[in-house]
Structures are given as C-alpha cells and as structure tokens.
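*Asks:* Using only what follows, build the 3D model:
(one chain, ligands or ions: 2)
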Amino acid sequence: MAVRKAEALTHDHHEPDDGDIVAPPPKIPVPDEVADAIRTLIRWTGDDPTREGLVDTPLRVARAWKEYCSGYGEDPQIHLARTFEEVGGYDEIVLLKGIPFQSHCEHHMAPILGTASIAYLPKDKVVGISKLARVLHGYARRLQVQERLTAEVADAIWNGLHPLGVAVVVEASHGCMTARGVRTPGVAMTTSRMMGVFRDDERSRREVLALMGY
Ligand SMILES: Nc1nc2c(ncn2[C@@H]2O[C@H](COP(=O)(O)OP(=O)(O)OP(=O)(O)O)[C@@H](O)[C@H]2O)c(=O)[nH]1
Ligand SMILES: [Zn+2]
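*Replies:* Residues are numbered from 1 along each chain as shown. Ligands and ions are numbered 1, 2, ... in the order given. Sure, this is the predicted structure:
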C-alpha cells in the first residue's frame with residue numbers, strides 16, 4: 001500500500017528524468033574582439049587557431065572565463081541580507097569548515113584551488129549556513145590574490161552580520177607556482193583574518209582555530 005502511494009506521488013509530481021528532453025541553457029554571445037584576442041594568444045603560443053580542433057576554442061575559452069569571473073556580476077554582501085534573529089539565544093561559534101573553492105590569481109590568471117573555513121560568533125543575527133559559502137564564491141569568482149579574498153570574505157561577514165567575531169582561514173595552492181614559474185607543487189599558502197573577539201581575545205582565537213582543525 002505504501003509503495004503504491006509512493007508511486008502515485010511520483011507520477012503526480014512529475015520531475016524531469018533522463019528520458020526528458022531538456023534544452024541546454026542558452027550560450028552568452030561573445031564579442032568578436034574577445035574571440036580574436038584568444039585566437040591571437042593561441043597563435044602566439046605556437047598553434048594554428050584555424051585548425052579543426054581549435055576553431056570553436058576561442059568561444060569556449062571566453063565563456064569559461066566569464067564563468068570563472070562571474071563574481072563581478074554580484075555583490076556577495078547581498079547573500080547576508082536575509083538573517084534570522086530568533087535562534088534561541090544561540091551565542092556560540094558558527095563554523096563552516098573546509099569549503100572548497102576555485103579562484104584565479106590576478107598576476108597570471110592561473111587557477112587558485114583551495115579550501116576556506118569561515119566562522120563567526122553571532123551577536124543577534126545568524127544567517128543561513130549556505131550563505132557563508134556563497135559569499136566566499138562571490139569573491140573567489142574574480143581575479144584575486146589570496147590575501148584580499150580572505151579579507152573580503154571576513155569584512156563582508158563583519159559588515160553584514162555585525163557579529164562579535166569573525167575568523168576566516170584560507171588554504172590554497174596556486175597554479176602559477178605549481179604549473180609554471182618556480183614549478184613547486186605540493187605547497188599551500190595559508191592566510192587568515194581574525195576580527196573582533198577572535199583578534200582581541202587569545203582564548204576565543206584558540207577555540208576557533210581548534211574547531212577549524214589548526
Ligand atoms: N602574495 C601573493 N602572491 C601571489 C598570489 N598569487 C600569485 N602570487 C605571486 O605573485 C608574484 C608575482 O611576481 P612577479 O615577479 O611579478 O611575476 P613572475 O615573474 O611571473 O614571478 P614568478 O611566479 O616567481 O615566476 C609571484 O611571486 C606569485 O607567486 C597571491 O594570492 N598572493
Ligand atoms: Zn599567479
């Protein structure tokens with residue numbers, strides 16, 4: 001009986017499945033000058049941008065970069081606008097630990113791959129936990145240096161939630177160090193920004209770093 005009920009439910013509430021034809025999302029137009037710039041780069045690095053395998057590459061590269069840099073189209077602070085004030089007087093650390101992110105360094109436009117741990121000590125406002133990751137990605141999807149990314153995430157939370165403390169620790173490896181230049185894989189850069197009690201109070205700082213696993 002329960003099974004039949006479940007079947008009826010799935011048929012009533014039709015969800016797209018593998019058999020449905022779903023149109024791919026429309027592709028954004030790429031200005032000629034952008035595609036030309038990528039063709040120029042391909043030629044300069046030693047390949048022929050008119051050969052079959054590379055004909056569509058400038059458009060793909062342009063759209064990929066628009067996606068890597070989609071953070072320019074948003075103000076990440078906006079994700080912190082919807083807050084909850086009724087959380088039963090919760091006044092302990094809130095931590096989202098080890099959030100994977102991707103960014104690109106502003107010096108070489110090479111990938112930065114890493115994780116961030118974001119914590120705050122609420123005063124009267126808490127935010128949906130996914131929003132901390134959204135703020136991170138909003139700043140990561142730009143051309144960055146790791147120090148600024150770390151500071152921007154912390155500042156956004158500080159200004160958006162007016163908490164008692166904010167702690168952000170970012171660990172990342174930089175493609176410009178692994179794939180080129182000094183070519184030293186396996187090293188990670190760590191940056192942190194501590195604000196409020198996490199900066200001023202040694203015990204609070206130790207507590208948040210321990211929760212983060214440091
Ligand atoms: N502090 C910091 N440095 C970064 C970051 N991303 C890349 N870099 C560094 O930026 C520096 C740019 O140095 P330059 O001497 O101008 O450029 P380069 O000749 O390509 O340097 P090499 O990478 O050493 O070959 C390099 O040392 C990079 O490792 C970052 O997020 N933060
Ligand atoms: Zn770089």
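*Asks:* what's around the residue lying closest to G98 once chain neighbours are set aside, how many residues?
*Replies:* Excluding the flanking residues, the one nearest G98 by CB to CB, 6 or more residues apart in numbering is T115, at 4.6 Å. C-beta coordinates here come from the backbone N, C-alpha and C atoms, glycine included. By other CB atoms under 10 Å, 15 other residues sit near T115.
*Asks:* what is T115 paired to in the beta sheet?
*Replies:* In this entry, T115 is beta-bridged to P100, E171, by DSSP bridges.
*Asks:* surely it meets F101?
*Replies:* Yes - at 7.0 Å, T115 counts as touching F101 under the criterion of CB atoms under 8 Å.
*Asks:* what is in contact with these two at once?
*Replies:* A172 (CB atoms under 8 Å, 6 or more residues apart in numbering).
*Asks:* For the residue nearest to G98, which residues are in contact?
*Replies:* Applying CB under 8 Å, 6+ apart to T115 gives the contacts G98, I99, P100, F101, V170, E171, A172.
*Asks:* how about CSV for those residues, with neighbour count and distance to R199 added?
*Replies:* Listed next are the contacts of T115 as CSV, based on neighbours: other CB atoms under 10 Å; distance: CB to CB, whole Å:
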residue, neighbour count, distance to R199
G98, 14, 22
I99, 17, 21
P100, 11, 26
F101, 19, 23
V170, 28, 16
E171, 17, 20
A172, 24, 22
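*Asks:* low-scoring pLDDT stretches of the chain, where are they?
*Replies:* Along the chain, segments meeting pLDDT under 70 span 1-18, 86-88.
*Asks:* just the residues of it that are near ligand 1, which are they?
*Replies:* The chain comes close to ligand 1 at residues C105, H107, V145, Q146, E147, H174, C176, M177, G181, V182, as judged by CB under 6 Å from any ligand atom.
*Asks:* neighbours around the last one, how many?
*Replies:* In terms of burial, V182 registers 9 neighbours under the definition other CB under 10 Å.
*Asks:* Equivalent analysis for the fourth one, please.
*Replies:* Neighbour count of Q146, defined by other CB under 10 Å: 20.
*Asks:* who touches it in this structure?
*Replies:* Here Q146 is in contact with S103, I112, G114, V170, A172, H174, M189, T191 (CB under 8 Å, 6+ apart).
*Asks:* at 10 Å instead, please
*Replies:* By CB atoms under 10 Å, 6 or more residues apart in numbering, the contact set of Q146 is 103, 105, 112, 114, 116, 140, 170-172, 174, 189-191.
*Asks:* coming back round to it: which ones among the residues of the chain next to ligand 1 also lie next to ligand 2?
*Replies:* C105, H107, C176 (CB under 5 Å from the ion).
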